[in-house]
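>>> Whatever this is, show me its structure:
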Amino acid sequence: MSDFLRDYLTVGLFAAAPFVLVGLMLGLGALLRPNRRQAQKYIPYESGVDPVGFEWSQSQVRYYIFAVLFVMFDVEAVFIFPWATRLEAYGLFGLIEMLIFVFILLLGLIYAWRKGVLRWV
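A predicted model of the protein is given here:
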C-alpha cells in the first residue's frame, strides 16, 4: 500500500471512530438502563407543580420572531466592534462601508417595527 493511500486510510479511521464510539455508548446505555413503564414518568414537569389543563399548548410565533431579531442585531453588533477598533486604519472607505451596513440594519429595524414585530404583548 502506498503512503498516499495509507494517509487516507488514517483519516478515514479517525473520521469513523467518533461514529463507532457514539454507537457503542448508545447501545451500552440501552442495555444497562432500567426500563420500567410508569404513567407519572411521561407527564410534563412544571417546576414541581402538578400540570393543569391540556398538556399541549400553542405559543405565539411573535416571541420566536422577537428572539430571532434580537440575536440578529446582537450578532451584527459583533461585526461593528472590529471596525470600531481599527477605524483609523480603514479611513474614509471603511466609514462609508460601515454607514451602508448600519443603514441596511436600520432598514431592517424599521421594517420589523412597521410590521409590529417589536410590540411585546
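
>>> All the helices of the chain, residue numbers only.
All helices of the chain, identified by DSSP state H, fall at 3-32, 61-85, 87-115.

>>> Include mean neighbour count and distance to K41 when you put the ones you listed into a markdown table, please.
Every C-beta, even on glycine, is put in place using the N, C-alpha and C of the backbone. A markdown table is the format used below for those (neighbours: other CB atoms under 10 Å; distance: least, CB to CB, whole Å):
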| stretch | mean neighbour count | distance to K41 |
| --- | --- | --- |
| helix 3-32 | 9 | 17 |
| helix 61-85 | 11 | 29 |
| helix 87-115 | 11 | 42 |
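
>>> Reformat the ones you listed into TSV and put mean pLDDT and distance to I43 next to each item.
Conversion of the helices of the chain to TSV gives the following (pLDDT from 0 to 100; distance: least, CB to CB, whole Å):
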stretch	mean pLDDT	distance to I43
helix 3-32	93	23
helix 61-85	84	24
helix 87-115	89	38
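
>>> Make JSON lines from these and add distance to Y42 to it.
Listed next are these as JSON lines, based on distance: least, CB to CB, whole Å:
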{"stretch": "helix 3-32", "distance to Y42": "18"}
{"stretch": "helix 61-85", "distance to Y42": "26"}
{"stretch": "helix 87-115", "distance to Y42": "39"}
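
>>> Let me know which of those helices is the nearest to Q38.
Ranking the helices of the chain by proximity to Q38 (CB to CB) places helix 3-32 first, at 18.2 Å.

>>> rewinding a little: closest one to Q40 among the helices of the chain?
Of all the helices of the chain, the one in closest proximity to Q40, counting by CB to CB, is helix 3-32 (22.1 Å).
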